[in-house]
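K.L.:
Sharing a sequence plus its predicted fold:
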Amino acid sequence: MSDNQTDLERMRHSTAHVMAAAVCRLYDDVQLDIGPATENGFYYDFDLPHRLTPEDFPRIEEEMNRIISEKIPFERLEFTRAEAEAKLREMGQTFKLERLAEIPEGETITFYRCGEFMDLCRGPHLEHTGQIKSFTLLSVAGSYFHGLETNPMLQRLYATGFLHPKELRQYLAQLEEAKKRDHRKLGRELDLFSMHEEVGAGLIHWHPRGARVRSIIEDFWRQEHYRAGYELLYTPHIGQANLWETSGHLGFYNESMYAPMDIDGKEYYLKPMNCPFHIQIYKTHKRSYRELPIKWAELGTVYRYEKAGVLHGLLRVRGFTQDDAHIYCTPEQMEAEFKKIMKFAITIWKAFGFSNITAYLATRPEKAVGEVERWEQATNALRDALESEGVPYEVDPGGGAFYGPKIDLKVKDAIGREWQVSTFQFDFNLPDRFDMTYIGEDGQAHRPYMIHRALLGSIERFFGILVEHYAGAFPLWLAPEQARVLPLTEKQMAYAETVAEALRAAGFRVTVDQRQEKVGAKIRQAQLDKIPYMLVLGPREEEQGQAALRSRTAGDLGAFGLPDIIERLSREVDSKGLDAENN
RNA sequence: GCCAGCUUAGCUCAAUUGGCAGAGCAGCUGAUUUGUAAUCAGCAGGUUCAGGGUUCGAGUCCCUGAGCUGGCUCCA
């Protein structure tokens, strides 16, 4: 497995060299940067006067195939630093000279030669180009040298390759599948949400069907929070400048905040976060250790400035609703509270059909506030919670915020893609800044621990992920329209209304297809609308007081009496579709 | 924000080298009364993203801007 992994990486990295070699053969004045293998393929960064477009891909691929058919050996060459520098100067490779300067003293400096193409490179490589079995160019994009905005922008060619052509076909099929599930496409097709140039980029409009799903998600979320001992809050959308000065946001978060508005001569800011408001509520009276832990949650809508180029459907927006919570507790309670958060998170994610969860534990960065012991204590609490819940995790050393360590959760969707969703974060900063206290057993004031917790992340983003996970075919409990009644002809219209009413009375979301269409057309429409159940009503059903039940996934199930149908659907709603087949 | 590409009817897409803006689906009207993924016919639908320019003539060429797409950076 790991051998295969290195083989694959080596092959991809070598293919990246072949791609760069092909580009050098085809175009003049190519400045090379780097061409690493990535999780799903590889890329090569270079700068050249010619602007690459997808129209150039066939030519480049053709040249690459020529290089592959030539079976050119990859030759490893060792150089001293001085030789390497001279060589790169001679080649006029300025980015490579910078890369060379970054190689630590004492490390062996190697070049790889492949025919006339030579590149400063750690390797390893294949023996010769003939060993490359499959590849395809995917896209071209800009990318800053070293990923730094202030650096020149290079052209990046994305491509992928696999050890076997069959795997490449599978990967391309998966890309196709992902395209079909794209929440932006499904959002339009299923009439869930939209965005409008007239309103502004990154601002979401929820249509009735999308809003219906959202309200089901939120109702479930509220119910589970009350059950888990949280109280819910509502707080304002704007707050005065001095609040954000105290919180520190105007200092370290300013770039993500919108310009202030003037109200009665005072500056007010749209909130990018909910925490300062929750803290205000905390501070409305003296808190006793007996009250702790305090667990407050809010579906809080925040606005953050995001650069125009990063906006992406529901996944990256400028106004969104966080499912935010703050937990204030004593040092002794911290660990137990954290375990509860983990357990709670897993329960909620499972309810939405995500059971494959992994975690990233981010520890203390160089620049940090709070004593080291508190960091250690908190980090251990995070680690213990992960271990006691058996959540697989990786450590991201130094990856925490300056104000506390954190855990990020990732979930895997139905087609194996990972999404960063939940985040649980200690905060050693805000309790200090707002001088939060509680009175301990000893009668003295103490600083509470504060934990930020977003479970679904943002409702918009979560909804986008959910749409892609289910490919728009929501399980019964979430479906905006759970059943559609399809009268065979106009003659069954009255009966259809009766059936729909009965189901509505039992709490289901039901419509009647009143169009004068053949039943085949009505079924087709319901299938395209991804309605979980269809109730076909002809003279037979009307006479028997029944309905022919059709499932979106299983097809015709036969005729049943209404009580049976209600019973069946109710059970499926209660189980959230988790013990049924996976849609 | 930066690099590249895209933007034509509600949606998906056509429109020779610059020469009369079109189709399917959806919508509306009518006919049809239908049994498990599309009944037929007719009608209507456009500032070709916005603004400017070149030209006898611009959907098509040039400039500016917006939005979107793929990335970089960032992150819920």
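P.N.:
On my side now, so go ahead.
K.L.:
Show me which residues of stretch A:290-304 are buried.
P.N.:
For stretch A:290-304, the neighbour count (16 or more other CB atoms under 10 Å) marks A:292-304 as buried. The way it works is simple: take the backbone N, C-alpha and C, and place the C-beta from them, glycine included.
K.L.:
my bad, stretch A:493-502
P.N.:
A:495-496, A:498-500, A:502.
K.L.:
Could you confirm whether that stretch reaches RNA strand B?
P.N.:
No - Stretch A:493-502 stays clear of RNA strand B (CB under 7 Å from any atom of the strand), getting no nearer than 8.8 Å.
K.L.:
quick one: contacts of that stretch?
P.N.:
A:485-487, A:510-512, A:514, A:535, A:537, A:541-542, A:547, A:562, A:566 (CB atoms under 8 Å, 6 or more residues apart in numbering).
K.L.:
same question, stretch A:231-238
P.N.:
Residues beyond stretch A:231-238 that count as contacts (CB under 8 Å, 6+ apart) turn out to be A:222, A:225-226, A:261, A:268-271, A:274, A:277-278, A:280-281, A:294-298, A:300-301, A:303.
K.L.:
at 10 Å what do you get?
P.N.:
A:221-222, A:225-226, A:260-261, A:263, A:268-271, A:274-278, A:280-281, A:294-303, A:319, A:324-326 (CB atoms under 10 Å, 6 or more residues apart in numbering).
K.L.:
check the residues you listed against RNA strand B, which are close?
P.N.:
Within the contacts of stretch A:231-238, nothing lies near RNA strand B by CB under 7 Å from any atom of the strand.
K.L.:
quick one on the thing from earlier: so which of the buried residues of stretch A:290-304 comes closest to RNA strand B?
P.N.:
RNA strand B has its nearest neighbour among the buried residues of stretch A:290-304 in A:R304, at 5.4 Å by CB to the nearest atom of the strand.
K.L.:
contacting residues for the closest one?
P.N.:
A:202, A:253, A:255-258, A:270-273, A:317-320.
K.L.:
before we move on, back to that, rebuild the contacts of stretch A:493-502 as TSV, extending it with pLDDT, secondary structure and distance to RNA strand B.
P.N.:
Listed next are these as TSV, based on pLDDT from 0 to 100; DSSP: H, G, I helix; E, B strand; the rest coil; distance: CB to the nearest atom of the strand, whole Å:
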residue	pLDDT	secondary structure	distance to RNA strand B
A:V485	97	strand	12
A:L486	97	strand	8
A:P487	97	strand	8
A:V510	97	strand	17
A:T511	96	strand	14
A:V512	96	strand	14
A:Q514	94	coil	11
A:L535	98	strand	9
A:L537	97	strand	7
A:E541	96	helix	6
A:E542	96	helix	8
A:A547	97	strand	9
A:L562	97	helix	15
A:I566	98	helix	18
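K.L.:
Which of those residues are buried? Put it as a ChimeraX command.
P.N.:
Listed next is the ChimeraX selection for buried residues among the contacts of stretch A:493-502, using 16+ other CB under 10 Å:
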select /A:485,486,487,510,511,512,535,537,541,542,547,562,566
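K.L.:
how about the strands of the stretch 351-500 of chain A, start to end?
P.N.:
Assigned by DSSP state E, counting those that start in this stretch, the strands in the stretch 351-500 of chain A fall at A:357-362, A:393-396, A:406-412, A:418-427, A:438-439, A:445-446, A:449-458, A:483-487.
K.L.:
Wait, A:H164 touches A:I132, no?
P.N.:
No - taking contacts as CB atoms under 10 Å, A:H164 lies outside contact range of A:I132: 11.7 Å.
K.L.:
Tell me the residues of the stretch 301-450 of chain A that contact RNA strand B?
P.N.:
A:304, A:306-313, A:315-318, A:320, A:322, A:408, A:420-421, A:423.
K.L.:
swap the cut-off to 6 Å and go again
P.N.:
Within the stretch 301-450 of chain A, the positions near RNA strand B by CB under 6 Å from any atom of the strand are A:304, A:306-313, A:316-317, A:320, A:420-421, A:423.
K.L.:
Kindly write the ChimeraX command that selects the buried subset of those.
P.N.:
Selection command for ChimeraX covering only the buried members of those, criterion 16+ other CB under 10 Å:
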select /A:304,306,313,316,317,320,421,423
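K.L.:
how far does stretch A:288-299 stretch from start to finish?
P.N.:
Terminal residues of stretch A:288-299 lie 26 Å apart, using CA to CA, to the nearest Å.
K.L.:
gap between it and the chain center?
P.N.:
Stretch A:288-299 has its average C-alpha position 29 Å from the chain's average C-alpha position, going by CA atoms, centre = their mean, to the nearest Å.
K.L.:
Farthest pair within the contacts of stretch A:493-502?
P.N.:
The span of the contacts of stretch A:493-502, defined through CB to CB, is set by A:Q514 and A:I566 at 22.2 Å.
K.L.:
got a list of what A:D262 touches?
P.N.:
Taking CB under 10 Å, 6+ apart as the test, what A:D262 contacts is A:Y268.
K.L.:
who wins for most neighbours among the contacts of A:R304?
P.N.:
In terms of neighbours by other CB atoms under 10 Å, the contacts of A:R304 top out with A:K271 at 24 neighbours.
K.L.:
More neighbours: which of A:H164 and A:I132?
P.N.:
A:I132 (20 against 10).
K.L.:
pLDDT score for the more buried one?
P.N.:
We note a pLDDT of 92 for A:I132 in this prediction.
K.L.:
I'd say it and A:S14 touch.
P.N.:
Yes - between A:I132 and A:S14 there is a contact at 6.6 Å, judged by CB under 10 Å.
K.L.:
anything in contact with each of the two?
P.N.:
In contact with both A:I132 and A:S14: A:68, A:126, A:161, using CB under 10 Å, 6+ apart.
K.L.:
Among these, find the one with the greatest number of neighbours, please.
P.N.:
A:G161 (27 neighbours).
K.L.:
need the contacts of stretch A:493-502 in JSON lines with distance to A:L386, can you?
P.N.:
Listed next are these as JSON lines, based on distance: CB to CB, whole Å:
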{"residue": "A:V485", "distance to A:L386": "48"}
{"residue": "A:L486", "distance to A:L386": "49"}
{"residue": "A:P487", "distance to A:L386": "54"}
{"residue": "A:V510", "distance to A:L386": "43"}
{"residue": "A:T511", "distance to A:L386": "45"}
{"residue": "A:V512", "distance to A:L386": "50"}
{"residue": "A:Q514", "distance to A:L386": "54"}
{"residue": "A:L535", "distance to A:L386": "47"}
{"residue": "A:L537", "distance to A:L386": "53"}
{"residue": "A:E541", "distance to A:L386": "54"}
{"residue": "A:E542", "distance to A:L386": "58"}
{"residue": "A:A547", "distance to A:L386": "49"}
{"residue": "A:L562", "distance to A:L386": "48"}
{"residue": "A:I566", "distance to A:L386": "42"}
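K.L.:
So which of the shared contacts of A:I132 and A:S14 belong to helices?
P.N.:
Within these, residues falling in helices by DSSP state H are A:I68.
K.L.:
Need phi/psi at A:E127.
P.N.:
A:E127 has phi and psi values of phi -70, psi -40 when expressed as degrees, to the nearest 10.
K.L.:
What are the neighbouring residues in contact with it?
P.N.:
A:E127 neighbours (CB under 10 Å, 6+ apart): A:14, A:71, A:73-75.
K.L.:
chain center to the helix or strand where A:W349 lies: distance?
P.N.:
Secondary structure assignment for A:W349, by DSSP states H and E: helix A:331-351. When distances are taken as CA atoms, centre = their mean, helix A:331-351 is centred 21 Å away from the chain's centroid.
K.L.:
Give me the mean pLDDT for that helix.
P.N.:
94.
K.L.:
what angle separates that helix from strand A:418-427?
P.N.:
160 degrees (axes from the mean of the first three to the mean of the last three CA atoms, to 10 degrees).
K.L.:
who does helix A:331-351 touch, helix- and strand-wise?
P.N.:
helix A:208-227, strand A:294-303, strand A:319-329, strand A:357-362, helix A:372-388, strand A:406-412, strand A:418-427, strand A:449-458 (3 or more CB pairs under 10 Å, 6 or more residues apart in numbering; DSSP states H and E).
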